[in-house]
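Asks: From the sequence below, what's the structure:
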Amino acid sequence: MLPLREDSQEEGICPICQECLKEAVRTDCRHLFCRACLAQHLEKASASGVLSCPLCRKPCSEGVLGAGYTCDSHQKKVCLFCEESRCLLCVECRVSPEHKSHCELAIENAISHYKERLNRRIRKLRKDICELQRLRAQEEERLQAMQFQADCRTHRLEAELERQHRARRQLDALPQQRPGQLEDMPAEVSRIPGISRAMIQLSSLVTELEGMAKKLDASLLKDASDLLNRSAPEQLEAIYPNLEKRINESLNQPPQL
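Replies: Coordinates of the predicted model:
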């Protein structure tokens, strides 16, 4: 590793990685570091029990890392994620009565676990979106077929009236007959916008899930858990009721011609 340089602070460079500061944190001695770089340094230093600024060696507490790296109660480095309470825990939090019987994961394991869950949910929602696209196309084809049938009936009626030289008033009445012939159409038409809205909402969820999976770290584990709950199948009922049932029914239903 390159030697630490104090003059790099004026350039907005982290003295540890010597790159532009990312999520900069300032120690009590006023030195700036990338949050991840300082967290890694303090994690190694905690083994010796002496936490100090890597630049000037003055005492430094883990609390300098801020939320997502230290617990609020004890100001100690977090090392676990509690799945029941969906919060980060330090070693002292773990033995407290509040979390004694809870399921906890080491932070690295929790990040890996939730990243895999996010990716599984992304795959599931993408599949649902594809099925909705197919379902919408099916509804559009059915609607076009009904429109074609109605047009054919109208043309046949017009031809018959012309052949029989019916009164002009009967020909004038034809436009009023069309709505009756298309009385089944409104139900078909109303489903298409609903499917389109559901596709937009599911696509938005996929974008959120992809963004979360890409940037997931300890500080975002709770947000990841919340997002997984929000995108769970039972929650999607509000977006498109009986989605799975309608998809399965459409797979077995031939188009109406």
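Asks: In this protein, what residue spans correspond to helices?
Replies: Listed in chain order, the helices of the chain (DSSP state H) span 35-45, 91-94, 107-163, 168-172, 174-181, 185-215, 221-230, 243-251.
Asks: Residue 78: which of these is closest?
Replies: helix 107-163 (6.8 Å; Cβ to Cβ). For the C-beta atoms, the positions are set from N, CA and C on the backbone; glycine is no exception.
Asks: average pLDDT across stretch 238-257?
Replies: Computed over stretch 238-257, the mean pLDDT rounds to 62.
Asks: related to what we said a few turns ago, let's have the helices of the chain in a markdown table, adding mean neighbour count.
Replies: Shown next, in a markdown table, are the helices of the chain (neighbours: other Cβ atoms under 10 Å):
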| stretch | mean neighbour count |
| --- | --- |
| helix 35-45 | 18 |
| helix 91-94 | 15 |
| helix 107-163 | 15 |
| helix 168-172 | 10 |
| helix 174-181 | 11 |
| helix 185-215 | 15 |
| helix 221-230 | 17 |
| helix 243-251 | 14 |
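Asks: Point out where this structure drops to low pLDDT.
Replies: The chain contains residues with pLDDT under 70 at 1-11, 66-68, 72, 75, 151, 155-190, 242-257.
Asks: repeat that for 50
Replies: Within the chain, the stretches with pLDDT under 50 are 1, 166-167, 170-171, 174, 176-183, 255-257.
Asks: Could you report the separation of residue 135 from residue 234?
Replies: Going from residue 135 to residue 234 by Cβ to Cβ, to the nearest Å gives 20 Å.
Asks: Any figure for the gap between residue 114 and residue 128?
Replies: Counting by Cβ to Cβ - residue 114 and residue 128 are separated by 21 Å.
Asks: Let me fix that, I meant to ask about residue 90.
Replies: Residue 90 is 39 Å from residue 128, by Cβ to Cβ.
Asks: Check residue 223 too.
Replies: With Cβ to Cβ as the criterion, residue 223 and residue 128 are 22 Å apart.
Asks: got it, and residue 236?
Replies: 8 Å.
Asks: Could you do residue 213 as well?
Replies: For residue 213, the distance to residue 128 - Cβ to Cβ - is 18 Å.
Asks: Over to residue 24?
Replies: For residue 24 relative to residue 128 (Cβ to Cβ), the value is 41 Å.
Asks: Over to residue 53?
Replies: Counting by Cβ to Cβ - residue 53 and residue 128 are separated by 51 Å.
Asks: Likewise for residue 55?
Replies: Distance of residue 55 to residue 128, given as Cβ to Cβ: 51 Å.
Asks: same thing with residue 84?
Replies: In terms of Cβ to Cβ, residue 84 sits 29 Å off from residue 128.
Asks: One more: residue 22?
Replies: Plainly put, residue 22 is 36 Å away from residue 128 if you go by Cβ to Cβ.
Asks: Residue 85: what's it in contact with?
Replies: 98, 99, 102 (Cβ atoms under 8 Å, 6 or more residues apart in numbering).
Asks: er, residue 95 actually
Replies: So residue 95 contacts nothing (Cβ under 8 Å, 6+ apart).
Asks: one more time with 10 Å
Replies: Residue 95 makes contact with residue 89, according to Cβ atoms under 10 Å, 6 or more residues apart in numbering.
Asks: cool, and residue 202?
Replies: Contacts of residue 202 by Cβ under 10 Å, 6+ apart are 124, 125, 126, 128, 129, 132, 231, 236, 239, 240, 243.
Asks: How about the contacts made by the third one?
Replies: Contacts here follow Cβ under 10 Å, 6+ apart; on that basis residue 126 touches 202, 203, 206, 209, 210.
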